[in-house]
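Peer 1: Okay, sequence plus prediction incoming.
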Amino acid sequence: MPNLFTDPDAIAEDIIRDVGTDLVVGLPLGLGKANHIVNALYARAAADRTINLTFFSALTLEKPSPKNLIERRFIAPVIDRLFGGYPDLAYADGLHANALPPNIRVIEFFFLAGKWLHVPFAQQHYISANYTHASSYLLARGLNVVTQLVAKRVVDGVVRYSLSCNTDTTLDLLRARAEGRASFKLIGQVNSELPFMPGEGDLPAEEFSAVLDSPATEFPLFAPPSEPITDTKYAIGLHAAGLVRDGGTLQIGIGQIGDALAQGLIVRHRDNAQFHAIVRRLAPGTAPLTAREAGSLEKGLYGVSEMLTEAFLVLIDAGILRREVDGVVLHGAFFLGPKSFYRALREMTPSQIARIRMMPVSFTNELYGDEDIKRRARIDARFINNAMMATLMGAAISDGLEDGQVVSGVGGQYNFVAQAFALRGARSILTVEATRKAGARTQSNIRWSYGHETIPRHLRDVIVTEYGVADLRGKSDADVIAAMLAVADSRFQAELARQAKDAGKLPKNFEIPAAQRENLPERIASALKPAREAGLLPSFPFGSDFTDTEQLLIPALQILQEAQRTPLRLPGLLWQGLTHTPDVADHECLARLGLDAPVTWSERAYRALVSAALARSRAG
């Protein structure tokens, strides 16, 4: 049985006494980190330079950091409400300050998106890896400790622990240990907010060497609130929803596009005529969706995804995710989400939770091992993942920049793209927002070429932007370029076409069809407006941890943020605010930011800017 501890420092001392002073510690991706144990090991190594400590991890979670007065006044109460009591990871503070002790290393294979740009130590110690390869890299480095947050259950006096949110690499590592290919200590920290998930991650106590279990080390789970779904993301999600086959298999990547896709599938299932009408408005001049891809979902779907999100639970509740494989409708490898998501998992009945099974990442992301069974289960699969950019010839950029800076990581994306080509009837769907803001400028995310690729062009399949679907599989380069131009923003189409023609990859007489020369944000907003007004596409389709006042403030603050990127717009916004009379709702919003009774000139200016932004957000 494991040694039980109530003090983090004591369990850290026990680990060092048992394992030695050369520690290679595996931390689960994201939610499953045993923060108190990690911090105690960090403090012990920082105080004793004879200890060599390496943390191998991914997706280090950190609370939001406000950058100015308005952000601070908006975010600070949200942080207190949603993240109050969540213990910060000491190694992250050390990385940001460029102050890691020389005997401590932190190595990650997936970053929280954009968090570690231009942080030299983090960038230099990043390992580019498929998610499924991470466990083998850990073993090759001499892994000797795994620390993990766990759920606890006692039945008839027998204690069991669940790996809960992170079966992903831990189950693969435990299999290696059982087969004699590894030797490490599994250390648990109990958290009562974690749902106890049945399946392979439901472990007997003897699998653990030590467990930290104390009310003093309980903490609220990291729970990022759902963000409002923009018109751009809804358009992408709706296009993708028209590609999912009834009776098929669904995988969804990280991000709000997954929520938009899920809401799109719900509209498609419950009001099929409305769904078709929305998509026709979004993509005029294109062939109508076929019944096979866009009818109601009578047979239902089966889910297999490395990341289990709230969107999947909503699809189960809507009766869409219901095709069973061995009594299970959803296999996942890790989860992360808002407080309502964790609560829903905790409150499920045994029969409900039994239909969700947490698995190793080698199961969800690969076909190897029980391949025949997986092939029979993963029929008509749709693997839907996000990319930052794409080239005209179909390569995708998802994890980094051409100067070598890593934004996030490859994760499971390459695995799912490969599965799409290995499985009969399967498709890889990569979603890309057609443009992005770079300071005051708008840039195209569709490029002629780019100095870095995550998915090479020979694995091009389906690219979806807010302007439509580019089906690239098996097409010639010229046809691929034409398809990509059709889903690019029209402000950039002419220059992109010129570059392709100059390179001899597109006929000189090629012209973009007239219906695709109106690819502008205004058209998307207009196409979605009827469905927005009918309540079919709410900003927060699955509820929100933001208050009603905060939900009103979010689009206004986004308008203000956009204006700050273009300083010439600020005087007009300021004048509008100074001459605008706030209504009752405005006063509540201003009070929420502490601007209802401004004292300083700075507060008066911010009050006027926020007041004007609120008026513009209501006007649409």
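Peer 2: Here it is on my side, so go on.
Peer 1: What residues of the strand or helix carrying residue 614 count as buried?
Peer 2: Assigned by DSSP states H and E, residue 614 belongs to helix 601-619. Neighbour-count burial for helix 601-619 flags 603, 605-617 (criterion: 16 or more other Cβ atoms under 10 Å). Heads up, the C-betas are built off the backbone N, CA and C, glycines and all.
Peer 1: One more: stretch 544-554?
Peer 2: Under the neighbour-count criterion of 16+ other Cβ under 10 Å, stretch 544-554 has 544, 545, 546, 550, 552, 553, 554 buried.
Peer 1: Return the residues in contact with the residue nearest to the first one when sequence neighbours are not counted.
Peer 2: Nearest-residue entry for residue 544: residue 226, 5.7 Å, with adjacent residues in sequence omitted and distances by Cβ to Cβ, 6 or more residues apart in numbering. Residues in contact with residue 226, defined by Cβ atoms under 8 Å, 6 or more residues apart in numbering, are 256, 259, 310, 337, 338, 540, 542, 543, 544, 545.
Peer 1: Export those residues as TSV, with columns for pLDDT, distance to residue 409 and secondary structure.
Peer 2: As requested, those are arranged in TSV below (pLDDT from 0 to 100; distance: Cβ to Cβ, whole Å; DSSP: H, G, I helix; E, B strand; the rest coil):
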residue	pLDDT	distance to residue 409	secondary structure
256	92	19	helix
259	96	21	helix
310	96	22	helix
337	95	19	coil
338	95	23	coil
540	96	28	coil
542	95	26	coil
543	93	29	coil
544	93	28	coil
545	93	26	coil
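Peer 1: List buried residues within these.
Peer 2: Burial by neighbour count, 16+ other Cβ under 10 Å: within the contacts of residue 226 this picks out 256, 259, 310, 337, 338, 540, 542, 544, 545.
Peer 1: Among these, which one lies nearest to residue 184?
Peer 2: For those, the residue nearest residue 184 by Cβ to Cβ is residue 337; the value is 29.0 Å.
Peer 1: SS state for the residue positioned nearest the centre of the chain?
Peer 2: Nearest to the geometric centre of the chain sits residue 254, at 2.5 Å (Cα atoms, centre = their mean). Three-state call for residue 254 (DSSP: H, G, I helix; E, B strand; the rest coil): coil.
Peer 1: now it, nearest residue through space, not along the chain?
Peer 2: Using Cβ to Cβ, 6+ apart and skipping the chain neighbours, the partner closest in space to residue 254 is residue 307 (5.8 Å).
Peer 1: just residue 405 next, same as before
Peer 2: Distances taken as Cβ to Cβ, 6+ apart put residue 117 closest to residue 405, at 5.4 Å, once the chain neighbours are dropped.
Peer 1: Quickly find the element holding the one you found.
Peer 2: Under DSSP H and E, no helix or strand contains residue 117.
Peer 1: Report how many residues lie close to it.
Peer 2: By the measure other Cβ atoms under 10 Å, the count of residues near residue 117 is 14.
Peer 1: What pLDDT is listed against it?
Peer 2: Looking at residue 117, its pLDDT is 96.
Peer 1: try the one 10 residues further on
Peer 2: Residue 127 carries a pLDDT value of 97.
Peer 1: go on, residue 618?
Peer 2: 82.
Peer 1: looking just at contacts, which helices and strands does the helix holding residue 614 meet?
Peer 2: helix 69-83, helix 548-565, helix 570-578, helix 584-592 (3 or more Cβ pairs under 8 Å, 6 or more residues apart in numbering; DSSP states H and E).
Peer 1: now what about that helix, what contacts it?
Peer 2: Helix 601-619 is contacted from outside by 69-70, 552-553, 555-560, 563, 570, 573-574, 576-578, 580, 582, 585-586, 589-590, 593-595, 598, using Cβ under 8 Å, 6+ apart.
Peer 1: Would you mind checking these for buried ones?
Peer 2: Buried members of those, scored by 16+ other Cβ under 10 Å, are 70, 552-553, 555-557, 559-560, 563, 573-574, 576-577, 582, 586, 589-590, 593-595.
Peer 1: possible to save the contacts of residue 226 as TSV with distance to residue 422?
Peer 2: Formatted as TSV, those follow (distance: Cβ to Cβ, whole Å):
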residue	distance to residue 422
256	29
259	28
310	29
337	29
338	34
540	37
542	33
543	37
544	39
545	39
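Peer 1: Now stretch 491-501: average pLDDT?
Peer 2: For stretch 491-501, mean pLDDT rounds to 98.
Peer 1: Just the buried positions in it, please.
Peer 2: 492, 493, 496, 497, 499, 500.
Peer 1: how about a markdown table for those residues, with secondary structure and distance to residue 83 added?
Peer 2: Output for the buried residues of stretch 491-501, formatted as a markdown table (DSSP: H, G, I helix; E, B strand; the rest coil; distance: Cβ to Cβ, whole Å):
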| residue | secondary structure | distance to residue 83 |
| --- | --- | --- |
| 492 | helix | 39 |
| 493 | helix | 43 |
| 496 | helix | 42 |
| 497 | helix | 47 |
| 499 | helix | 45 |
| 500 | helix | 47 |
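Peer 1: ok, so of these, who is nearest residue 273?
Peer 2: residue 493 (32.0 Å).
Peer 1: From residue 481, how far out is that closest one?
Peer 2: From residue 493 over to residue 481 the distance is 11 Å, taken as Cβ to Cβ, to the nearest Å.
Peer 1: And for residue 198?
Peer 2: In terms of Cβ to Cβ, residue 198 sits 49 Å off from residue 481.
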